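Colleague: Sequence and computational prediction follow.
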Amino acid sequence: MPEIRRILPTPRDQAAEDSQSLTGDTHVVANNNRWSRAIYDIKDVSGDTWCELCFDIAWNQEEKARKVHDFASVGIDFLTEDGSSIDFAYVPGLSRSQIDPHSYYIAGPAFYDRNDDPSHANRVQFAFFIPLPAKHLTVTIRSWRNSHPFAISNLRVFQPVQSLTDDQTAHPRLQVGQPMAPASRRTWWDLSTTPRWQNYGIVPGHPLVVRGQLINRGSEGDGALVRVVFRDRQGKELTPPYEEVQISPEVGAFIDIPVHRQTRRFTLELIPPPQAAAVELGFQAWRDEASISLVTPLEVAIGEDLLLENLLGEEHAAQLSFLEEVCNRLGCLPSSAALKARGSPIDQFIDRETLGSLFTFHDRLRTIQNGEASVIVDHRLVLCGLEPWPIPEALEWTEDPYRSPAWRLEFQSLSWLLDLARRSGTDGFARAADLALSWVQSNPWGQPRDPLSTYPSSMATRAEVLLYLVAFGSTSKRAKGNERQQKLFAEVIKYGFALAEILSQNIFSPSANQLRAACALLAISRAVPVFPLASYWKAVALAQLRSGFDQLIGHDGSFVEQSVHYRLEILSTGLLLAHDLKDMPEAGEFREHLDARLKVSLTTIVGVTDPAGMLPPFGDVLRGYHHASWLRRLISGYGRSLLSDQNLAEELSYPTGSRTFVSEGDGIAAFRIYDHTPHWSYLCASFGEQRHENGHFDCSSFVYSARGVHWITDPGGSSLHDTGSARHYLTSSRAHNVAIPQGREQSSGCGWIEARASLNNASIIRIGTNVYGPNYKHIRTFICLDNLDTVAIFDRFGSSEASISFDGHLHFEENVAVALANSNLAIGFRNKSRLRIIPHMISGQYSGMTIHNGCHNSPGSLQGFVSHPSGGIRPANVLTYRFSSSGDVCGGIILSASEQGFRRISHLLVEKEVQKLLA
């Protein structure tokens, strides 16, 4: 076992905090909600290393919030050596939050109980990554949903001591890799004396406020500067001086930012000169030897006067009065003569030519995903694969006919109005526009009838739907002065303000939601080029898109996103974006930068698609999509330029025979045998980085099909469909095909390839993981025959404890029956097909098998379920096998669809090379 550091919190004076200290190590957090807290200081942690945070929690016997998922919050603030706080956009294992920089939510007591007797204390432990240059932590355990006080004690942090080299001599014939330390994806700019430029649109008469942070990793008290260049609408530089900006013969107009500590947060308030339409900011260091980074994306704003909350009010609640107030503050109300000619101040911004060439993202993404099929059939609405729902004449906008969050999200997004508007004749558009305005009137800003309507993807889609309706209506000869048209346009502008504020404040963690919101804002900005905020909105959207893709997709094309389904959605958004940026010269460099990453990412997606055309269901999975058809539509419409890549072309040809595809950066390995018949076989394993936020704890899990039969499945699930105990179960590691030592479920972490080999027409891959915490050493080995008739999966666990045991889980498809023939044999049945399941011990003792189906004694002990396509869970068979030992333990399971395959793998297991690999 590797050496483990045990780090205790530094004593802190809790008198100023809202917690009561019972002893030196125990603190009580009251139920005053969020501001009741206990704070701990953790000194001298190692950076760019995973750690585990543990503490004991004792609940009140009368606690009422036993079944909530956010019973309490653990906030983490990362600090430099001198105590300066560091801004990270994303930290593996934690979620971005508003009160604390990053958070982990503790589930209620019911989710820690494994039996019917409620416990009143338990151990909380979870892992997260500590990115450099962090050296200290502030840990805040905060009241959240608890009805009674709870006590915290024995808080500790554990970190493995990192070795500089790995032993590469144990398996000389194997390809030996090194454990990866997957740092948080940073979009920081390393500064030199060559400026790094950022461009922003200017709102005439209003300041541009830019906030950011500098990180000084050097020993000198170096600082940085920002060059400032204002330009007019023709792109010509406006000659300095500028208000409150210095001038130097060497660098021109600039603002100095001294850095006296290891971090420095700064705010630039730029007052644009008259005629300014844009500003270029060039960030640089004063000397090349400096070691200074700029944290990006930056936060930007356009002054208090143009904040949405300050624009909205009872007197401006109506759409038209809102936009008139905006025009008043922007100073763009037309003259009385112009107003008489136009009929409304709004008409000056509605450009029929620009709207006629409108581009939007979400409707095209939906077409790529689903094809051209309409969601409205015979006046019935078909969403999320559920039963057709008759559309009533009048809607309340609280409809929930199927008790489905996914249906509600799609319904509230108004995406279905596009199919209604595209119907022949004017009746379809008129009905769609009236329904859109009905939604707007029923949902005053900040007072939604259905809270799910404010979900980012729903909001971004709805913004584009409203924009599309404006564009559709602008083709009418009577568009000018049309009040319905003006109200829709005013609502689009309102969404522009909202999306710009959400994005520019960097609220999102890197995700598909961030990209969707930025794409919607970009679409709005391009549709209203004469609106005074259009260029500013465009700059915000492009900056967020650049940062978002850099965080989500690495230089090698690997994804941070755990769900393979959402990887394809992000990739699709990128290809749509690259296609639409062709006519934007200012985005040319970004487009080239994006293309290079998308090419590699697309190769991986195609490589792991199974012969039925489906991606492996790891992470969150939305049902009802055929991924191969999705890929065909995507590539034929937007990815033809990438087909010149030889690797991508080879994968798209989908060669027959035996094939192995491994992407260590993406944490995925696939094996298949395919010969243009239905009797194909496929095994895919996932070992990529897993994070707490909306992720599944399934590192080293796998799915398996043999001779055309799906045997081992992943229970799936989606945050858009599942809530409550079902969601908690489906994301837990016990809901996946993994091994669990001593009841210790997985936490955040990653896997890496330790070795790969080919031997006697079999492929072997050995994967190391750190997802069980620093106290366990874990290796999972997959052995696959070339025809995949038989595979074997072995786990080895090492621990400093005197004895150790582990349970392995296999989840079967719903239509597979499983029976125990004896203590050493289980059999899966599907029609005339059979799969033998045979345990095999390497070291230790085999302790038997059990089958679970639909067990739900308590929220914390669910087992034997898979997700339902429309949400919730339904029973299915799960086989559990156990091995134990007084020292290291190694054992596994053989899955065989043929007697010959079983004999072949049995002979393989006695080979010295394989025994060395499993030792």
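Modeller: The structure has been received and is ready for your questions. Quantities reported herein were computed from a predicted structural model and do not represent experimental measurements.
Colleague: ok, and what's touching the strand or helix carrying residue 647?
Modeller: In this structure, residue 647 is located in helix 646-652 according to DSSP states H and E. The set of residues that contact helix 646-652 without belonging to it, under Cβ atoms under 8 Å, 6 or more residues apart in numbering, is 599, 602-603, 606-607, 635, 642-643, 661. For every residue, glycine as well, the C-beta is placed using N, CA and C.
Colleague: cutoff 10 Å now
Modeller: Contacts of helix 646-652 with the rest of the structure, by Cβ atoms under 10 Å, 6 or more residues apart in numbering, involve 599-609, 631-632, 635, 639, 642-643, 645, 659, 661.
Colleague: Of these, grab the buried ones for ChimeraX.
Modeller: Those of the contacts of helix 646-652 that meet the burial criterion (16 or more other Cβ atoms under 10 Å) are gathered into one ChimeraX selection, given here:
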select :599,600,601,602,603,604,605,606,607,608,609,631,635,639,642,661
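Colleague: Name the nearest residue to residue 502, sequence neighbours excluded.
Modeller: In space, not counting the residues next to it along the chain, residue 502 is nearest to residue 517; the distance is 6.2 Å by Cβ to Cβ, 6 or more residues apart in numbering.
Colleague: how about that neighbour, secondary structure?
Modeller: Three states are possible here, and by DSSP: H, G, I helix; E, B strand; the rest coil the one that applies to residue 517 is helix.
Colleague: who's in contact with it?
Modeller: Taking Cβ under 10 Å, 6+ apart as the criterion, residue 517 is in contact with 456-457, 459-460, 463, 498-500, 502-503, 507-508, 511, 541, 544-545, 548.
Colleague: again, only using 6 Å
Modeller: The contact partners of residue 517, by Cβ atoms under 6 Å, 6 or more residues apart in numbering, come to 456, 460, 499, 503.
Colleague: And the pLDDT at it?
Modeller: The model reports residue 517 with a pLDDT of 95.
Colleague: Next one: it from residue 463, what distance?
Modeller: From residue 517 over to residue 463 the distance is 9 Å, taken as Cβ to Cβ, to the nearest Å.
Colleague: got it, and residue 256?
Modeller: Remark: distance between residue 256 and residue 463 (Cβ to Cβ) = 39 Å.
Colleague: which of the two has more neighbours?
Modeller: Neighbours per residue, other Cβ atoms under 10 Å: of residue 256 and residue 463, the larger number sits with residue 463, 28 against 11.
Colleague: what's the spacing between the more buried one and residue 497?
Modeller: 11 Å.
Colleague: Same check on residue 785?
Modeller: Residue 785 is 60 Å from residue 497, where distance means Cβ to Cβ.
Colleague: Likewise for residue 707?
Modeller: Look at residue 707 and residue 497: by Cβ to Cβ, they are 58 Å apart.
Colleague: Give me the more crowded residue out of those two.
Modeller: Of the pair residue 707 and residue 497, residue 497 is the one with more neighbours under other Cβ under 10 Å, namely 23 against 18.
Colleague: My guess is that one contacts residue 310. True?
Modeller: No: under the criterion of Cβ atoms under 6 Å, residue 497 lies out of contact with residue 310, with a separation of 10.3 Å.
Colleague: in a helix, that's where residue 725 is, yeah?
Modeller: Yes: going by three-state DSSP, the assignment for residue 725 places it inside a helix.
Colleague: Pretty sure it sits against residue 857.
Modeller: No: with contact defined as Cβ under 6 Å, residue 725 does not reach residue 857; the gap is 11.5 Å.
Colleague: between the two, which one's more packed in?
Modeller: A count of neighbours by other Cβ under 10 Å puts residue 725 above the other of residue 725 and residue 857, at 19 against 12.
Colleague: Could you give the number of residues near the nearest residue to that one once chain neighbours are set aside?
Modeller: Here the nearest residue to residue 725 in space, its sequence neighbours aside, is residue 859; by Cβ to Cβ, 6+ apart that works out to 4.1 Å. When neighbours are defined as other Cβ under 10 Å, residue 859 has 21 of them.
Colleague: With the one 10 residues further on instead?
Modeller: Other residues lying near residue 869 total 17 when counted by other Cβ under 10 Å.
Colleague: thinking again about what came up before, in helices, which of the contacts of residue 517 appear?
Modeller: Using DSSP state H, the members of the contacts of residue 517 that fall within helices are 456, 460, 499, 503.
Colleague: separation between the first one and residue 514?
Modeller: What that stands for is residue 456. Relative to residue 514, residue 456 is positioned 8 Å away (Cβ to Cβ).
Colleague: Repeat that for residue 803.
Modeller: Counting by Cβ to Cβ - residue 803 and residue 514 are separated by 46 Å.
Colleague: So which of those two has more stuff around it?
Modeller: Between residue 803 and residue 514, counting by other Cβ under 10 Å, residue 514 is the more crowded of the two (26 against 12).
Colleague: Surely that one touches residue 508?
Modeller: Yes: counting by Cβ under 6 Å, residue 514 touches residue 508, with 3.9 Å between them.
Colleague: what about the strands in the stretch 151-300 of the chain?
Modeller: Along the stretch 151-300 of the chain, the stretches classed as strands by DSSP state E, counting those that start in this stretch are 175-176, 189-190, 196-201, 208-216, 224-231, 246-248, 252-257, 263-270, 278-285, 292-301.
Colleague: Just put those in a markdown table and tack on mean pLDDT and distance to residue 377.
Modeller: Converted to a markdown table, the strands of the stretch 151-300 of the chain look like this (pLDDT from 0 to 100; distance: least, Cβ to Cβ, whole Å):
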| stretch | mean pLDDT | distance to residue 377 |
| --- | --- | --- |
| strand 175-176 | 36 | 54 |
| strand 189-190 | 92 | 51 |
| strand 196-201 | 94 | 43 |
| strand 208-216 | 95 | 49 |
| strand 224-231 | 96 | 52 |
| strand 246-248 | 94 | 66 |
| strand 252-257 | 95 | 60 |
| strand 263-270 | 95 | 54 |
| strand 278-285 | 96 | 48 |
| strand 292-301 | 92 | 43 |
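Colleague: Pipe those strands into JSON lines and attach distance to residue 386 per row.
Modeller: JSON lines is the format used below for the strands of the stretch 151-300 of the chain (distance: least, Cβ to Cβ, whole Å):
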{"stretch": "strand 175-176", "distance to residue 386": "48"}
{"stretch": "strand 189-190", "distance to residue 386": "47"}
{"stretch": "strand 196-201", "distance to residue 386": "43"}
{"stretch": "strand 208-216", "distance to residue 386": "44"}
{"stretch": "strand 224-231", "distance to residue 386": "52"}
{"stretch": "strand 246-248", "distance to residue 386": "62"}
{"stretch": "strand 252-257", "distance to residue 386": "55"}
{"stretch": "strand 263-270", "distance to residue 386": "48"}
{"stretch": "strand 278-285", "distance to residue 386": "48"}
{"stretch": "strand 292-301", "distance to residue 386": "38"}
